[in-house]
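K.L.:
generate a structure from the sequence data that follows.
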Amino acid sequence: MQRTGVAAGSLLAGASLLEFLEACGTTTTTNTSGKLTGNLEIFSWWTAGGEADGLNEMFKIYAQKYADVKIKNAAVAGGAGTNAKAVLATRMQGGKPPDSFQVHAGQELISTWVKASKMEPITNIWKDAGWDSVIPKDLKDIVSSNGDVWSVPVNVHRGNAIWASTKVMSLAGLTESPATYSDFIKLLDKAKSLGISAPLALGSKGNWQIAMLFENGVLASGGPDYYKTLFSGKGSFTDSKVKEALTTMKTLFDYVNNDHPTLDWDGAAQRVTAGTSLATIMGDWAKGYFTSLNLSPGKDFIGAPSPGTKGNYVIVCDTFGLPKGAPDRDNAVAWIKVAGSQEGQAAFNPKKGSIPARTDVAKSLFDPVAQSFMDDFKAAKLVPSSAHGSATPEAFATGLNDEMGQFVQKRDVNTTANNLQKLADQFLK
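P.N.:
All right, here's what the predicted structure looks like:
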């Protein structure tokens with residue numbers, strides 16, 4: 001929190017103009033020769049492990065191109081972005097934005113800062129860079145609104161993924177992940193018969209993990225078009241396909257660990273590595289957890305589309321946009337170009353554990369699971385995640401989390417469906 005950019009968001013009244021400019025990083029960004037100078041403040045919640053390493057790789061590229069620009073890493077740790085979003089809100093509302101900031105693709109940006117007229121469109125930057133030829137249209141649509149593009153995707157995580165222990169799979173006599181929920185439930189029963197009391201690992205601290213189970217279930221029961229219609233507010237959450245997804249979840253809860261409310265997603269992943277659970281359904285950041293323990297994909301664990309969702313890709317995507325009033329606008333535009341470049345995404349994503357948003361980055365840079373996901377990404381139907389701020393406004397996603405917390409306890413399908421429809425009527429119409 002004690003970073004220059006954050007300090008700039010809390011200047012004391014009466015500070016001199018010079019002090020204000022120095023704190024905000026507002027300096028000359030183009031000298032008489034057209035060379036970029038001054039500062040570049042990048043705001044994110046990437047502070048640990050592979051995410052921080054990936055960000056640093058992009059900083060290195062930027063520094064090589066613009067050696068006279070001083071980069072300020074204004075990252076705020078904690079809470080999967082919760083702390084960072086609160087600090088960002090204070091700065092944006094106070095008219096002291098960073099030069100650019102990390103934000104999930106879609107509604108997390110569009111229904112907040114775009115709606116509040118706090119962002120510049122990057123449509124011309126996108127067009128000049130030729131990104132239409134290398135970033136899928138479905139993904140461009142997620143970061144677009146009212147005919148303009150508002151942020152550039154730097155990576156893609158897969159929200160509909162299942163991760164399983166090859167050791168436990170072998171004990172169950174299987175080598176491939178289940179294609180349907182029916183097959184998965186049979187596999188869970190088999191694991192229980194082998195003495196694994198909680199074969200489906202779940203960490204539900206904060207409830208967003210259950211919201212991910214729900215959106216994966218809706219995708220499996222209704223398909224991508226149904227999914228998009230539902231989460232855009234044009235469908236009904238009391239529909240039979242939603243109730244089918246909830247009923248499947250209700251069954252899956254019979255196989256999860258009792259301590260799931262006290263665990264986060266990594267606690268669930270740890271159960272898979274320990275062999276006390278067979279599998280977990282989680283985004284592909286789980287792969288980063290496994291590989292950090294020197295476990296090998298294909299040898300120690302498998303990763304595949306979650307049951308019933310093959311041919312579809314739930315997008316959890318980080319992007320960067322251009323705030324209105326960015327103190328160093330020229331430098332921020334240059335940063336956006338680096339974030340969207342082939343070079344930038346090739347450097348960032350292997351460290352982050354994600355795949356590139358671009359389809360022209362060499363597959364050889366990535367592990368076998370990532371390579372298979374890259375192939376899927378090119379061919380699959382892309383759908384935005386509600387749990388991670390792309391498909392729905394934050395108010396709906398927060399309400400969905402709360403409702404999922406109630407559902408895992410009470411397991412009342414009809415009441416949950418009715419409550420979700422009330423949320424949709426309030427926040428999606």
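
K.L.:
if I pick the most centrally placed residue in the chain, what's in contact with it?
P.N.:
Central residue of the chain (CA atoms, centre = their mean): Val316, 3.3 Å from the mean position. By CB atoms under 8 Å, 6 or more residues apart in numbering, the residues touching Val316 are His104, Val156, His157, Arg158, Gly159, Gly283, Ser385, His388, Ser390. For every residue, glycine as well, the C-beta is placed using N, CA and C.

K.L.:
which non-adjacent residue is nearest it?
P.N.:
For Val316, the nearest residue in space outside its immediate sequence neighbours is His157; the separation is 4.0 Å by CB to CB, 6 or more residues apart in numbering.

K.L.:
ok, now Gly159?
P.N.:
Counting by CB to CB, 6+ apart, Gly159 lies nearest to Val314, which is 3.5 Å off, once chain neighbours are set aside.

K.L.:
quick check, that neighbour in a strand?
P.N.:
Yes - when classified by DSSP: H, G, I helix; E, B strand; the rest coil, Val314 is found to be part of a strand.

K.L.:
got the domain boundaries for this protein?
P.N.:
For the chain, automatic domain parsing gives the domain ranges 4-157+317-365, 158-314+385-427.

K.L.:
in terms of mean pLDDT, which of those ranks lowest?
P.N.:
Of all those, the minimum mean pLDDT falls on domain 4-157+317-365 (a mean of 87).

K.L.:
would a markdown table of the domains of the chain with mean neighbour count be doable?
P.N.:
Below are the domains of the chain laid out as a markdown table (neighbours: other CB atoms under 10 Å):
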| stretch | mean neighbour count |
| --- | --- |
| domain 4-157+317-365 | 19 |
| domain 158-314+385-427 | 20 |
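
K.L.:
re earlier: dump the residue contacts of the residue nearest to Gly159.
P.N.:
Contacts for Val314 were tallied using CB under 8 Å, 6+ apart; they are Arg158, Gly159, Asn160, Glu215, Asn216, Leu219, Val383, Pro384, Ser385.

K.L.:
shouldn't Asp266 be within a strand?
P.N.:
No - assigned with three-state DSSP, Asp266 falls outside any strand and is helix.

K.L.:
these two touch, right, it and Gly288?
P.N.:
No - when contacts are counted by CB atoms under 8 Å, Asp266 is not listed as touching Gly288 (9.7 Å).

K.L.:
all strands of the stretch 1-150 of the chain, in order?
P.N.:
Shown for the stretch 1-150 of the chain, the strands assigned by DSSP state E, counting those that start in this stretch span residues 38-43, 69-73, 100-104, 119-120, 144-145, 148-149.

K.L.:
tilt between the first one and strand 69-73?
P.N.:
Same thing as strand 38-43. Here the directions of strand 38-43 and strand 69-73 differ by 20 degrees (axes from the mean of the first three to the mean of the last three CA atoms, to 10 degrees).

K.L.:
quick one on the thing from earlier: which strand or helix spans the residue nearest to Val316?
P.N.:
For His157, the enclosing helix or strand under DSSP states H and E is strand 157-158.

K.L.:
with only the CA atoms kept, save the helix or strand that that strand is followed by in PDB.
P.N.:
With elements assigned by DSSP H and E, the helix or strand that comes after strand 157-158 is strand 161-165. C-alpha atoms of strand 161-165 as PDB (Å, rounded to 0.1, in the frame of the first residue of the first chain):
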ATOM      1  CA  ALA A 161     -11.700 -26.800 -16.100                       C
ATOM      2  CA  ILE A 162     -11.400 -30.000 -14.000                       C
ATOM      3  CA  TRP A 163      -8.200 -31.100 -12.300                       C
ATOM      4  CA  ALA A 164      -7.600 -34.600 -11.100                       C
ATOM      5  CA  SER A 165      -4.900 -36.700  -9.500                       C
END
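
K.L.:
show me what the helix or strand just after strand 161-165 is packed up against.
P.N.:
Where DSSP H and E defines the elements, the next helix or strand beyond strand 161-165 is helix 166-171. Contacts of helix 166-171 with other secondary structure elements, assessed using 3 or more CB pairs under 8 Å, 6 or more residues apart in numbering; DSSP states H and E, are made with strand 301-305.

K.L.:
output the contacting helices and strands for the strand it packs on.
P.N.:
Packing contacts for strand 301-305, counted by 3+ CB pairs under 8 Å, 6+ apart, involve strand 161-165, helix 166-171, helix 285-292, helix 368-379.

K.L.:
ok, which of these comes nearest Asn56?
P.N.:
Nearest to Asn56 among the helices and strands packed on strand 301-305 is helix 285-292; the distance by CB to CB comes to 15.8 Å.
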